[in-house]
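In: quick one, fold the following:
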Amino acid sequence: MSVKVLIRRKVEEEKEQDLLGLINQLRSRVASCPGYVSSETLRRADVPEYLVVSSWDSLESWEQWLKSPERAEIQKRIDQILGTETVYEVYHYPRLTATLKGFKGWEGG
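Out: Residues are numbered from 1 along each chain as shown. The predicted model follows:
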């Protein structure tokens, strides 16, 4: 099952460029990681807060990257800049379990 990972980071304005440099290092290294699909980095319009949305083909692929020493080394430096540990939120698409009994769609079925 594919997953999306949301990573939020609040940073002091004077440290934004340092943070962005490390995020770019992570992005360049994750690109060749098995199971990695894509990611995007967004900055909030009103405050220096960043959101990274990362897509993975499975939870296991994400967890493998999360546990990798290569990622951990860069992440440690990010957390030092932020002054706090980064929090990850993992989401997946819900499975539809309800059935549509008696539903008549546009085809009149």
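
In: show me the shaky parts of this structure.
Out: 97-109 (pLDDT under 70).

In: any chance you could map the strands in it?
Out: Assigned by DSSP state E, the chain shows strands spanning 3-10, 36-43, 49-56, 87-92.

In: quick check: which helices or strands does the third one pack against?
Out: Pointing back at strand 49-56 there. Applying 3 or more Cβ pairs under 8 Å, 6 or more residues apart in numbering; DSSP states H and E, one finds that strand 49-56 makes contact with strand 3-10, helix 16-30, strand 36-43, helix 59-66. (C-beta placed from N, C-alpha, C; glycine too.)

In: could those go into CSV alongside distance to L96 and mean neighbour count?
Out: Output for the helices and strands packed on strand 49-56, formatted as CSV (distance: least, Cβ to Cβ, whole Å; neighbours: other Cβ atoms under 10 Å):
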stretch, distance to L96, mean neighbour count
strand 3-10, 17, 17
helix 16-30, 31, 15
strand 36-43, 22, 14
helix 59-66, 19, 16
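
In: pipe those into a markdown table and attach distance to G83 per row.
Out: Compiled in a markdown table, these are given as follows (distance: least, Cβ to Cβ, whole Å):
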| stretch | distance to G83 |
| --- | --- |
| strand 3-10 | 9 |
| helix 16-30 | 12 |
| strand 36-43 | 19 |
| helix 59-66 | 21 |
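
In: among those, which comes closest to I78?
Out: helix 16-30 (5.0 Å; Cβ to Cβ).

In: show residues contacting that closest one.
Out: 9, 11, 36, 39, 41, 48, 50, 52, 54, 65, 70-71, 74-75, 77-78, 81-82 (Cβ atoms under 8 Å, 6 or more residues apart in numbering).
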